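Enquirer: kindly generate the corresponding structure for this input.
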Amino acid sequence: MALTRRTALLSASTAFVGGSASAQPVKVRLGTATPGGGFPVYGEAFIAAVKAQDPALEIEAINTKGSTENVPMLEAGNLDIALVQGEVVHEVLSGIGRPPANLKVLTAMYPTAGLFVVRADRPYRSIADLKGKPIAWGAGGSGLVILGRYVMDGLGLDAVRDFQPIYLERADDGPAMVLDGRAAALWGGGAGWPGFRAVMSSPSGGRFVAPDAEEIRRILARHPFLKPISQPAGSFPGQADAIPSVGSWSFVLVRPGLDDAIVARLSKALHLSEGKPSPQLGETTAKNTLAAVASPAILHPGVLAYYREAGLGP
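Expert: The predicted structure follows:
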């Protein structure tokens, strides 16, 4: 029986990864975000991990405005792969406010628990305390801004009307605004997020503000695509306890038309790097990717080819 076109592509991709052709030089453009945010830090670790396993894969990191710019750049072919916040992935793949995007997942990155950070000497201890205050929501194109809107909406609040919103040109402007008093709080999230680290390690110290148990219940009831996610204890200086909140997984998305064999090589390199010392990539695993996607159908065919070759499923 003749192979279907898709089966033939997957078979060719698998053979390509397993053979000597995997050493062929390839350049891949990776979209991250504005300097000072979590995505550029993750991008550096991603590139190092791939290069260690497949030196012929050259990855160029490109700073962008973040998730909301990365998607149209992928669609236009100006990026090959890009880091995209979970809420943006949900909207573009579901066709919320736009036609569904023809983009596929390379890997899950890490779960992001949305939190505020304030100076330790400020009185704010709840989201209600922050109403009407100047809030640095993040860079204008960041998916964290969209996460903040969903979280506030789940509480019956509007991130613009119920606060004094500040949108940043650069993500690393936010901590300074909190520390010098221009902003009451900085919204953010993610493993080792630089903005949180800067405030928590400052001489004044910091404190996190998150939804309480009842607020989490309300947010998840209104927006069930969000998930309960905790920021593990010790993630940042001075953070002794885990902090429950809500959020989602971020993903690396792939542009339409990127060769299956290249994507399979990327997937293989990431899998082989699992367990290596890298705080940023600690949760970037094949197991987490399969668990985080709504359906294996949104995985790129090259990823599926490699996963099946490696006995990972699905």
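Enquirer: give the buried residues for the helix or strand harbouring residue 229.
Expert: Using DSSP states H and E, residue 229 sits in strand 227-231. Residues of strand 227-231 classed as buried: 228-231 (neighbour count, 16 or more other CB atoms under 10 Å). (Glycine included, C-beta is placed from N, CA and C.)
Enquirer: and what of stretch 159-170?
Expert: Buried, per 16+ other CB under 10 Å, within stretch 159-170: 159, 162-163, 165-166, 168.
Enquirer: again, but for stretch 95-104
Expert: 101, 103-104.
Enquirer: hmm, back to that, tell me the two of the buried residues of stretch 159-170 that are most distant?
Expert: In terms of CB to CB, those reach their longest pairwise distance at 162 and 168, which sit 19.3 Å apart.
Enquirer: picking up where we left off before, CSV for the buried residues of strand 227-231, including distance to residue 95?
Expert: Converted to CSV, the buried residues of strand 227-231 look like this (distance: CB to CB, whole Å):
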residue, distance to residue 95
228, 26
229, 25
230, 31
231, 31
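Enquirer: let me know the closest of those to residue 178.
Expert: Closest to residue 178, out of all of the buried residues of strand 227-231 and judged by CB to CB, is residue 231, at 17.3 Å.
Enquirer: hang on, the closest one packs against residue 113?
Expert: Yes: when contacts are counted by CB atoms under 8 Å, residue 231 is listed as touching residue 113 (4.5 Å).
Enquirer: so what sits against both of those two?
Expert: Counting by CB atoms under 8 Å, 6 or more residues apart in numbering, the shared contacts of residue 231 and residue 113 are 189, 210, 243, 245.
Enquirer: any of those buried? List them.
Expert: Buried subset of the shared contacts of residue 231 and residue 113 (neighbour count, 16+ other CB under 10 Å): 189, 210, 243, 245.
Enquirer: and residue 171, what does it touch?
Expert: Contacts for residue 171 (CB under 8 Å, 6+ apart) come out as 33-37, 138-139, 142, 194-195.
Enquirer: got a ChimeraX select line for the buried ones in the residues you listed?
Expert: If you want just the buried ones from these in ChimeraX, going by 16+ other CB under 10 Å, the selection is:
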select :33,34,36,37,138,139,142,194,195
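Enquirer: sort out which of the contacts of residue 171 are in strands and list them.
Expert: If you go by DSSP state E, the contacts of residue 171 have 138-139 in strands.
Enquirer: make JSON lines from the contacts of residue 171 and add distance to residue 117 and pLDDT to it.
Expert: As requested, the contacts of residue 171 are exported to JSON lines (distance: CB to CB, whole Å; pLDDT from 0 to 100):
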{"residue": "33", "distance to residue 117": "18", "pLDDT": "93"}
{"residue": "34", "distance to residue 117": "18", "pLDDT": "88"}
{"residue": "35", "distance to residue 117": "19", "pLDDT": "87"}
{"residue": "36", "distance to residue 117": "14", "pLDDT": "81"}
{"residue": "37", "distance to residue 117": "14", "pLDDT": "83"}
{"residue": "138", "distance to residue 117": "12", "pLDDT": "92"}
{"residue": "139", "distance to residue 117": "16", "pLDDT": "85"}
{"residue": "142", "distance to residue 117": "15", "pLDDT": "82"}
{"residue": "194", "distance to residue 117": "12", "pLDDT": "91"}
{"residue": "195", "distance to residue 117": "7", "pLDDT": "94"}
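Enquirer: where does the stretch 51-200 of the chain dip in pLDDT?
Expert: Scanning the stretch 51-200 of the chain for pLDDT under 70 picks out no residues.
Enquirer: before we move on, the earlier item: nearest to residue 60, of the shared contacts of residue 231 and residue 113?
Expert: Once CB to CB is applied, the member of the shared contacts of residue 231 and residue 113 that ends up nearest residue 60 is residue 189, at 26.4 Å.
Enquirer: spatially central, which residue of this protein would that be?
Expert: The chain has residue 250 as the residue nearest its centroid, 3.0 Å off, counting by CA atoms, centre = their mean.
Enquirer: residue contacts, it?
Expert: 83-86, 89, 108-112, 143, 190.
Enquirer: looking at the buried ones among the shared contacts of residue 231 and residue 113, which is nearest residue 94?
Expert: Using CB to CB, residue 189 is the member of these that lies nearest residue 94, at 21.2 Å.
Enquirer: so what secondary structure elements neighbour the top helix by length along the chain?
Expert: Taking DSSP state H as the criterion, the chain has its longest helix at helix 38-53. Contact analysis of helix 38-53 by 3 or more CB pairs under 8 Å, 6 or more residues apart in numbering; DSSP states H and E lists strand 26-31, strand 57-62, strand 81-84, helix 194-200, helix 260-273 as its packing neighbours.
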